[in-house]
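> let's see this in three dimensions:
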Amino acid sequence: MYRKIPRARLYILVFVFLLSACGELPKRNAADSSYATGSINTESRDEIRFQVVMMAAAMLGTPYKWGGMHPDEGFDCSGLVHYSYLQAGVELPRTSLQQYKYSRSVRLSNLKPGDLLFFELNQQAVSHVGIYLGNNRFVHAPKTGKDVMITSLDNEFWRQRLVSAGRVI
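Numbering: from 1, shown residues only. I've put the predicted structure just below:
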């Protein structure tokens with residue numbers, strides 16, 4: 001069935017696809033030492049983070065689906081992160097807890113767009129993840145019945161449940 005794409009989302013998608021036409025980054029997995037050792041130059045890291053943020057933002061309005069990892073089926077929180085990074089050439093672990101363990105801790109005062117924010121929900125140490133966009137905002141797939149959305153870290157619910165921030169690249 002045809003689903004109408006909101007105009008703003010369409011513009012973001014077109015922009016992302018135009019960017020991707022300029023070149024493709026090689027696929028990397030979590031075990032790739034160049035990511036772990038930091039041998040990627042700053043310009044490349046910034047480009048990857050930009051692509052991650054643009055891809056995640058392009059998924060705004062996609063329905064939440066537990067276990068979802070693709071826009072055609074919907075996303076859960078870690079599925080959105082996994083997909084957004086994969087589209088930028090970086091393969092991450094699948095679950096929020098695995099992503100938390102894989103990422104390097106970063107102070108909130110040093111957050112960069114593309115960093116991951118980890119939250120405690122339902123008395124589980126790390127059970128939710130979002131992608132930091134900048135300006136104290138993050139994109140995430142919150143829960144059943146909600147779509148991928150942008151939320152402020154000033155929101156009391158999320159601020160109280162923030163466990164940590166992590167950097168992948």
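
> now this structure, which segments are flagged as low pLDDT?
Scanning the chain for pLDDT under 70 picks out 1-39.

> count of neighbours near the nearest residue to residue 158 once chain neighbours are set aside?
In space, and not counting its chain neighbours, residue 158 is closest to residue 151: 5.9 Å by C-beta to C-beta, 6 or more residues apart in numbering. To be clear about C-beta, it is placed using only N, CA and C from the backbone, and glycine gets the same treatment. Per other C-beta atoms under 10 Å, the neighbour tally for residue 151 reads 17.

> so what's residue 151 up against?
Contacts for residue 151 (C-beta atoms under 8 Å, 6 or more residues apart in numbering) come out as 130, 137, 138, 139, 140, 142, 158.

> buried residues, the longest helix belonging to the chain. List them.
Ranked by residue count under DSSP state H, the longest helix found in the chain is helix 42-58. For helix 42-58, a neighbour-count test (16 or more other C-beta atoms under 10 Å) marks 45, 47, 48, 49, 51, 52, 53, 54, 55, 56, 57, 58 as buried.

> where exactly do the helices run in this protein?
7-21, 33-36, 42-58, 77-87, 96-102, 156-161.

> separation between residue 97 and residue 153?
If you measure residue 97 against residue 153 using C-beta to C-beta, to the nearest Å, the figure is 21 Å.

> parallel or antiparallel, list what pairs with the lengthiest strand in the chain.
If you go by DSSP state E, the chain has its longest strand at strand 124-134. Neighbouring strands of strand 124-134 in its sheet, by DSSP bridges, are strand 116-121 (antiparallel), strand 137-140 (antiparallel).

> can I get the shortest one in CSV, CA atoms only?
Once side chains and other backbone atoms are set aside, the C-alpha atoms of strand 137-140 remain, and they are given as CSV (Å, rounded to 0.1, in the frame of the first residue of the first chain):
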residue,chain,number,x,y,z
ARG,A,137,18.1,16.7,21.1
PHE,A,138,18.2,13.0,20.1
VAL,A,139,16.3,10.8,17.7
HIS,A,140,14.9,7.5,18.8
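
> no further questions, thank you.
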